[in-house]
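In: predicted structure and sequence below. I'll ask about it afterward.
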2 protein chains.
Amino acid sequence: MIPSVEINGARLLKRLDDFAAIGATPAGGVNRQALGSQDQAARTLLADLALERGFRVFQDPLANLFIRRDGRNGHRAPFLIGSHLDSQPTGGRYDGALGTLGAFEVLETLEDAGIVTDIPIEVVAWTNEEGSRFAPGAMGSMAFSQGNIPQSWHDAKGTDGVLWRDALAATLAALPIAEPRALGFPIAGYLELHIEQGPSLENEDIPIGIVTGVQGTRWLEITVKGQAAHAGTTQLAFRRDPMMAVNAALHGLYATIMPGDESARFTVGRIAAHPGSVNAIPGSVSLSVDLRHPDAERLAAVEAHVLATFQSSAAQHGCELGIHKTFDMMPAEFSKRLIDSVERAARHLGLAAKHMVSGAFHDALYVARIAPAAMIFVPCRDGLSHNEAEYVEPRHATAGAQMLLETVLDVAKYRKVNALRL
Amino acid sequence: MIPSVEINGARLLKRLDDFAAIGATPAGGVNRQALGSQDQAARTLLADLALERGFRVFQDPLANLFIRRDGRNGHRAPFLIGSHLDSQPTGGRYDGALGTLGAFEVLETLEDAGIVTDIPIEVVAWTNEEGSRFAPGAMGSMAFSQGNIPQSWHDAKGTDGVLWRDALAATLAALPIAEPRALGFPIAGYLELHIEQGPSLENEDIPIGIVTGVQGTRWLEITVKGQAAHAGTTQLAFRRDPMMAVNAALHGLYATIMPGDESARFTVGRIAAHPGSVNAIPGSVSLSVDLRHPDAERLAAVEAHVLATFQSSAAQHGCELGIHKTFDMMPAEFSKRLIDSVERAARHLGLAAKHMVSGAFHDALYVARIAPAAMIFVPCRDGLSHNEAEYVEPRHATAGAQMLLETVLDVAKYRKVNALRL
């Protein structure tokens, strides 16, 4: 019921304010897109704060930023805590920033309290988690986890026309005080604090989510081709209407996928009819499908169900079907031992917590491929995120940082576990 | 079984070829949009052919073109036959041209045979039936039937940026040989030959459609507003998904309107989701609805059913509904006595015929508001129209013109009816 050591909540909230001022938008949000000048300013501020406290600052070739507080065994692989500093173009103050600054607050609290951890603890700010200026998202953690930079990224252009490699070089050059470091070194584990970006914790009035994994995701681009024809002259029997085929397929899928499995997500976010005349049966209808499930087998089964349903509907309406998979992310399961450690921290702090699966991507998803990883969620108002109105109650922000600290102490000091074998 | 007088089929087919060369497209179609240079060239050719035969040529302030062959009673209101000469940008050779040139063939045949009709017979080519360059369509017949030009048309711009009033003035000026005439003079009746623009005559192997009216049409623009949210994090219970609401409504409507009433038409030609991200539940979905029915009361009932269904679906999904009616055309019923006359002509010629309702608009719809009107349909291949591949078999084109002639003889000569009391 008593924190092992207490974080400085007021300091954390002030840091959140200070960083929210970098790229602040008139509507109270943040525009701090990856590898831009505001992102560079945020990185510089964090590095300056770190150097003031005597921590070491590193950046790897992808501009992932590391702030190291040494442990008793300096040669041991560090335990990483953090998130990202970049934002959506009309993003909020907490997405990424809370996890990064909460982690930095843990380092400062350890320093204030003179605690010597068994292994080094490092704060990490991964590069370009959002993917809004340069695609794909989670570049930093992805490259870190695979130990190389995909060739295709070098010629990638941002939404503003800037070459990715130029923006990266400028960002690296903007932080000359950082020591260079290789991409993808051994780590003992990774823990990320983040806002939920959904409404379930707030709705259930639970302050802490213990994230057991990240849903798998598939994106499908579906095109159903029929025959364009006159809306007035063409009787039902002669119609090969792709809108009717799509409607029938979606009706079947809406009625089965989510109602039948509360872990499944099925979303149609984009749809268009061609040629798109009010008085013509469309020649074709295109739509996007976003499928998610925390279980790989169930995800594959849902995808097969989508395919079969569209095939059957298209055939029934005399239409042709084209399906392309544009994104395929397998589900990630987080480390059981690290989850147990987070759970102990919540019990110790007397904070209500519930296990949950993340519906959104996070850097932890990639890091989980090479080391024990887990996440802590805190509620955000109305589940809003990627939105300038994003808001986290101060008590939830500080509870999240306190949870990070308790778990770090559990992992890296008191139990003196060999973190590599978490 | 024997035509009263036989039209010159070879001449009609040659005329069709000659006019198809004006604005011919590489794919075998026609681009002869209203009030453009190709439309002007077609009008000039028709006027020249008319003057060669000794007919008088008139144009009214809307550039409706009239070719007059006088009758025994030159003071009597003329009986009009015709259609339009303008085409869609990638239109076919027969839509409009067959009715106009078939009508001109009737005049030439009457002239060749030295037949004196009781009342004057005039060929008309209505201005801008298609509405593809300047909206709305059927401008010529609409203005003729109401006797004035709507003020809003004057400042209308074409798809090419040209002002409607400038294009109209240029078209009028391009035909100085035409005598000017007031807009909307008394007429004895109107008969229009046209391709079906649908597949039913071809499918039933019937050469002649006797058109008893034109369906009423309503266009609705529907917007369903829900709440944009993350596709991965938002559970079904928290979704206010406008795509689901639209899907449910359309499913109900597709299952009821057309299956329950074979005269009804229900078409969704345009749909879009906003913001249109693959990984976001859309904030809103917009779509167009085209409703048609030959019966005014049934059309109103179908519209009410659409409204009620969308209201219920929107409410069930926590969404807001907006519906705007953007077009409302009451059904038209053609003249019973003129239809009877067309029917007698078919019997006399031994041509199989069936009564049908037009699903598409035609100039006859507007003319029917001020005088007895009717239409004759002939089959077009695969029901294709507004398409460069549009095709009419020569035997059907000539049968259509022969039907026009027989009906004109019935109306305007042999029976010596007072055409004004048709």
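Out: The structure has been received and is ready for your questions.

In: going by C-alpha atoms from here, please, whenever you check contacts or count neighbours.
Out: Noted.

In: residues near A:Asp328, how many?
Out: Using other CA atoms under 10 Å in any protein chain shown, A:Asp328 is surrounded by 13 other residues.

In: which non-adjacent residue is nearest it?
Out: A:Arg218 (4.6 Å; CA to CA, 6 or more residues apart in numbering or on different chains).

In: what of A:Thr234?
Out: According to CA to CA, 6+ apart, the nearest residue to A:Thr234 is B:Gly198 (5.9 Å).

In: so what does the one you found look like in phi/psi?
Out: Dihedral pair for B:Gly198: phi -160, psi 170, per degrees, to the nearest 10.

In: re earlier: which strands and helices sit next to the helix or strand harbouring the residue nearest to A:Asp328?
Out: Using DSSP states H and E, A:Arg218 sits in strand A:216-225. Counting contacts by 3 or more CA pairs under 8 Å, 6 or more residues apart in numbering or on different chains; DSSP states H and E, strand A:216-225 is packed against helix A:242-260, strand A:284-293, helix A:296-316, strand A:320-329.

In: name the strands paired with it and say parallel or antiparallel.
Out: Partners of strand A:216-225 in the sheet, by DSSP bridges, are strand A:284-293 (antiparallel), strand A:320-329 (antiparallel).

In: please identify the most buried of these.
Out: Scoring these by mean neighbour count under mean count of other CA atoms under 10 Å in any protein chain shown gives strand A:284-293 as the most buried, with a mean of 25.

In: those helices in the stretch 1-150 of chain A, which residues are they?
Out: Assigned helices in the stretch 1-150 of chain A, in chain order: A:9-20, A:37-52, A:97-113, A:139-146 (criterion: DSSP state H, counting those that start in this stretch).

In: ok, the residue nearest in space to the middle of chain A - contacts?
Out: Chain A has A:His362 as the residue nearest its centroid, 2.4 Å off, counting by CA atoms, centre = their mean. A:His362 is in contact with A:129, A:138, counting by CA atoms under 8 Å, 6 or more residues apart in numbering or on different chains.

In: again, only this time at 10 Å
Out: A:83-84, A:96, A:129-130, A:137-138, A:141, A:192, A:194, A:214, A:375 (CA atoms under 10 Å, 6 or more residues apart in numbering or on different chains).

In: could you pick out which of those residues are near chain B?
Out: Contacts with chain B within the contacts of A:His362, as defined by CA under 10 Å from any CA of the partner chain: A:Val214.

In: lowest mean pLDDT among the helices and strands, pick that one out for chain A.
Out: strand A:229-230 (a mean of 85; mean pLDDT, DSSP states H and E).

In: pairing partners for it, with directions?
Out: strand A:280-281 (antiparallel).

In: contact partners of the partner strand?
Out: Strand A:280-281 is contacted from outside by A:226-234, A:239-244, A:273-275, B:266-270, B:290, using CA under 10 Å, 6+ apart.

In: distance of the nearest residue to A:Thr159 once chain neighbours are set aside relative to B:Cys319?
Out: Closest residue to A:Thr159 apart from its sequence neighbours, by CA to CA, 6+ apart: A:Arg133 at 5.3 Å. From A:Arg133 across to B:Cys319, the span is 32 Å (CA to CA, to the nearest Å).

In: just the closest residue of the stretch 301-422 of chain A to chain B, please.
Out: Of all residues in the stretch 301-422 of chain A, A:Gly359 sits closest to chain B, at 4.0 Å by CA to the nearest CA.

In: my guess is that residue contacts A:Pro199, does it?
Out: No. Counting by CA atoms under 10 Å, A:Gly359 does not reach A:Pro199; the two are 11.5 Å apart.

In: show me whatever sits in contact with both of these two.
Out: Common neighbours of A:Gly359 and A:Pro199, using CA under 10 Å, 6+ apart, are B:233-235.

In: which of those residues fall in helices?
Out: Judged by DSSP state H, helices contain none of these.

In: filter those down to the buried ones, PyMOL style.
Out: Typed into PyMOL, the line below selects the buried ones among those, using 16 or more other CA atoms under 10 Å in any protein chain shown:
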select buried, chain B and resi 233+234+235
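
In: out of the shared contacts of A:Gly359 and A:Pro199, who's nearest chain A?
Out: Nearest member of the shared contacts of A:Gly359 and A:Pro199 to chain A, counting by CA to the nearest CA, is B:Thr233, at 4.2 Å.

In: nearest residue to that closest one other than its sequence neighbours?
Out: A:Gly359 (4.2 Å).

In: neighbours of the one you found, how many?
Out: There are 26 residues near A:Gly359, going by other CA under 10 Å.

In: check what pLDDT the residue nearest to A:Gly276 when sequence neighbours are not counted gets.
Out: Excluding the flanking residues, the one nearest A:Gly276 by CA to CA, 6+ apart is B:Arg270, at 4.4 Å. pLDDT recorded at B:Arg270 is 95.

In: coming back round to it: list buried residues within the contacts of strand A:280-281.
Out: Members of the contacts of strand A:280-281 classed as buried by 16+ other CA under 10 Å are A:226-234, A:239-244, A:273-274, B:266-270, B:290.

In: low-confidence regions, chain A specifically.
Out: A:1-2, A:413-422 (pLDDT under 70).

In: what residues does the stretch 301-422 of chain A have near chain B?
Out: Going by CA under 10 Å from any CA, the residues of the stretch 301-422 of chain A near chain B are A:357-361, A:383-386.

In: doesn't A:His84 make contact with A:Leu46?
Out: No. With contact defined as CA under 10 Å, A:Leu46 does not count as touching A:His84 (11.6 Å).

In: which one of those two is surrounded by more residues?
Out: A:His84 (31 against 23).

In: is it true that the more buried one touches A:Arg93?
Out: No. Under the criterion of CA under 10 Å, A:His84 is not in contact with A:Arg93, lying 11.8 Å apart.

In: and chain A, split by domain according to the record?
Out: Annotated domains of chain A cover A:9-214+A:331-421, A:216-329 [automatic domain parsing].

In: can you list these in TSV and add distance to B:Ile67?
Out: Output for these, formatted as TSV (distance: least, CA to CA, whole Å):
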stretch	distance to B:Ile67
domain A:9-214+A:331-421	61
domain A:216-329	31
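
In: can you tell which of those is closest to B:Tyr366?
Out: domain A:216-329 (17.1 Å; CA to CA).

In: check contacts around the residue nearest to A:Thr234.
Out: A:229-235, A:238, B:358-360, B:378-385 are the contacts of B:Gly198 under CA under 10 Å, 6+ apart.

In: in strands only, show me these.
Out: The strands, defined by DSSP state E, take in A:229-230, B:358, B:378 from the contacts of B:Gly198.

In: how far does the least confident helix or strand of chain A sit from the chain's center?
Out: 46 Å (CA atoms, centre = their mean, to the nearest Å).

In: now do stretch A:79-92
Out: 9 Å.

In: tell me how far the residue of the stretch 51-200 of chain A found nearest chain B lies from A:Arg381.
Out: Relative to chain B, the nearest point of the stretch 51-200 of chain A is A:Gly198 (5.2 Å; CA to the nearest CA). Applying CA to CA, the value for A:Gly198 to A:Arg381 is 9 Å.

In: related to what we said a few turns ago, contacts for the least confident helix or strand of chain A, please.
Out: A:238-241, A:277, A:279-283, B:197-198, B:267, B:269, B:359-360, B:383-386.

In: report the contact partners of the residue of the stretch 301-422 of chain A closest to chain B.
Out: A:196-198, A:213-217, A:263-265, A:292-294, B:230-235.

In: repeat that with 6 Å
Out: A:215, B:232-233 (CA atoms under 6 Å, 6 or more residues apart in numbering or on different chains).

In: write out the residues of the stretch 101-250 of chain A neighbouring chain B.
Out: A:198, A:231-234 (CA under 6 Å from any CA of the partner chain).

In: among those residues, find me the one that's closest to A:His348.
Out: A:Gly198 (25.8 Å).
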